[in-house]
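> Sharing a model that was predicted from the sequence below.
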Amino acid sequence: MSSTKGKTLNFNDKSMDYVTFGKGKKPLVIIPGLGDGLYTVKGMAMTFSITYRILAERYKIYVFSRINELRQEYTTRDMAADVAEALEILKITSAYVMGISQGGMIAQWLVADFPEKVQKLVLAVTTAKLGNLGRERISCWLNLIQTGTYKDLMIDIARHSYTTKSFGKFKHLYRIMGIFGNIKDKQRIDIQAVSCLKHDSLDFLEKINCPTLIVGAEKDDVLGVEASLRLHQHIKSNQLTILSECGHALYEQNKDFQKRVLVFLES
C-alpha cells in the first residue's frame with residue numbers, strides 16, 4: 001500500500017494518467033478496458049492495488065490510461081504507440097504486459113509494433129476483431145452515451161459484464177452509482193468505443209512471438225468466449241485458459257484469475 005502512487009506523465013503535447021504500486025522489481029504493465037473512457041486511473045491507485053494485490057506481491061505494476069487528448073479517429077493502434085512512448089520515458093525497456101478487454105486490443109498492437117518492449121503477454125477477455133455480439137453490445141453503449149442516462153449505461157454494462165448471479169448482487173449498487181454519477185466527457189468514451197468497433201488485428205497476430213496467455217470467460221456476454229478461441233488459433237506460442245462460471249468481468253470476480261496469471265508469468 002505504501003508504494004501506491006498516482007501520477008500524470010507529460011510528453012509531446014500529450015498527458016497520460018497512470019498509477020504504480022507493488023513490492024516487486026519486475027515491471028508488469030496493465031492496460032484497462034473501455035471503462036477508461038468514463039474515468040481515467042487518476043485517483044484509483046488504492047483501488048487497483050487492492051484489486052491486483054496478488055500480483056502486486058511479486059511485481060511493480062503500472063496501470064496506464066489512454067492519453068487525455070484523444071482526437072476523433074484515434075485507433076487502438078495509436079493507443080498502443082502512446083503506451084510504448086510512456087514506457088520509453090519511464091525507462092522501462094521491457095515488461096510483462098496484461099491487456100484486459102479493450103486493453104487487450106491495445107496490447108496486441110503493442111507487441112506487434114514494439115515487440116522488444118514485451119517479454120510475456122496476457123490477453124484477458126479480449127478479441128482481435130469484434131464479432132456480432134461485441135458489435136451489438138458496444139453499439140448499444142454508444143447509443144446510451146449519446147441519448148440515454150448514466151444510470152442506463154451503467155446498468156447495461158453491469159448486466160452484460162457479470163454473470164446473472166453476480167449481477168443480482170451488484171445491480172442495486174450500480175443503480176445508486178447511476179443516480180449520483182455522470183458521464184464527464186462523452187467525446188472520450190465515444191472515441192474509445194468507436195476504436196473498438198474498428199479494431200482489426202487479425203492479420204498481425206502472427207507477429208506475436210512472445211509467450212502469451214489467453215484468458216477467456218465461459219459466460220462472456222460482451223465479446224463471447226469465441227473471441228478467446230479465435231486468438232488461440234492465430235497466435236503462435238500461447239496457452240489458453242477458459243474460466244467457467246465467469247462473465248466478462250472475470251478479472252474482478254474470479255479468484256483464480258490472478259493466480260493463473262502469476263503461474264504463467266513465473267513459469
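Now that the structure is in, tell me what you want to look at. Numbering: from 1, shown residues only.
> going forward, measure contacts and count neighbours with C-alpha atoms only.
Fine.
> Following the chain past the helix or strand of the chain with the lowest mean pLDDT, name the next helix or strand.
Every helix and strand in the chain was compared by mean pLDDT, DSSP states H and E; the lowest is helix 164-180, with a mean of 60. Following helix 164-180 in sequence order, the next helix or strand is helix 186-198 (DSSP states H and E).
> for that next one, packing partners?
helix 132-147 (3 or more Cα pairs under 8 Å, 6 or more residues apart in numbering; DSSP states H and E).
> Quick check: next helix or strand after the helix it packs on?
That would be, after helix 132-147 and using DSSP H and E, helix 150-161.
> distance between the ends of stretch 40-59?
22 Å (Cα to Cα, to the nearest Å).
> Would you indicate which residues of that stretch are buried?
40-42, 44-46, 48-49, 52-56, 58-59 (16 or more other Cα atoms under 10 Å).
> swap in stretch 219-230?
219-229.
> Give me the distance from it to the chain's centre.
On the basis of Cα atoms, centre = their mean, to the nearest Å, stretch 219-230 sits 15 Å off its chain's mean C-alpha point.
> and if you look at stretch 69-87?
14 Å.
> likewise stretch 13-20?
With Cα atoms, centre = their mean as the basis, stretch 13-20 stands 16 Å off its chain's centre.
> what separates the residue lying closest to Leu205 once chain neighbours are set aside from Lys7, distance-wise?
The shortest distance from Leu205 to any non-neighbouring residue, by Cα to Cα, 6 or more residues apart in numbering, is to Ile235 (5.6 Å). Distance, Ile235 to Lys7, using Cα to Cα: 34 Å.
> Those two: who's more crowded?
For Ile235 versus Lys7, the count of surrounding residues by other Cα atoms under 10 Å is larger for Ile235: 21 against 15.
> Among the buried residues of stretch 219-230, which one lies nearest to Glu252?
Glu252 lies nearest to Asp220 out of the buried residues of stretch 219-230, by Cα to Cα, at 13.3 Å.
> in which helix or strand would I find the closest one?
Per DSSP H and E, there is no helix or strand for Asp220.
> Does it touch Gly247 like I think?
Yes: in terms of Cα atoms under 8 Å, Asp220 counts as a neighbour of Gly247; the distance is 4.3 Å.
> shared neighbours, those two?
Jointly contacting Asp220 and Gly247 under the rule Cα atoms under 8 Å, 6 or more residues apart in numbering are 160-161.
> mind checking how far the residue nearest to Leu205 is from Trp109?
Distance, Ile235 to Trp109, using Cα to Cα: 13 Å.
> before we move on, what about Ser161?
24 Å.
> can you check Glu116 too?
12 Å.
> quick one: which of these two has more around it?
Ranked by neighbour count (other Cα under 10 Å), Glu116 and Trp109 place Trp109 first, with 24 against 13.
> can you pull the contacts of that one?
Contacts of Trp109 (Cα under 8 Å, 6+ apart): 76-77, 80, 201.
> mind running it again at 6 Å?
77, 80 (Cα atoms under 6 Å, 6 or more residues apart in numbering).
> Tabulate the CA atom coordinates of the helix or strand encompassing it in PDB.
Using DSSP H and E, Trp109 maps to helix 102-113. The C-alpha trace of helix 102-113 is given here as PDB (Å, rounded to 0.1, in the frame of the first residue of the first chain):
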ATOM      1  CA  GLN A 102     -10.100  -3.100 -25.000                       C
ATOM      2  CA  GLY A 103      -6.800  -3.100 -23.200                       C
ATOM      3  CA  GLY A 104      -6.100  -6.400 -24.800                       C
ATOM      4  CA  MET A 105      -6.800  -4.900 -28.200                       C
ATOM      5  CA  ILE A 106      -4.200  -2.200 -27.500                       C
ATOM      6  CA  ALA A 107      -1.700  -4.800 -26.100                       C
ATOM      7  CA  GLN A 108      -1.900  -6.800 -29.400                       C
ATOM      8  CA  TRP A 109      -0.700  -3.700 -31.300                       C
ATOM      9  CA  LEU A 110       1.900  -3.000 -28.600                       C
ATOM     10  CA  VAL A 111       3.600  -6.400 -29.100                       C
ATOM     11  CA  ALA A 112       3.100  -6.400 -32.900                       C
ATOM     12  CA  ASP A 113       4.700  -2.900 -33.400                       C
END
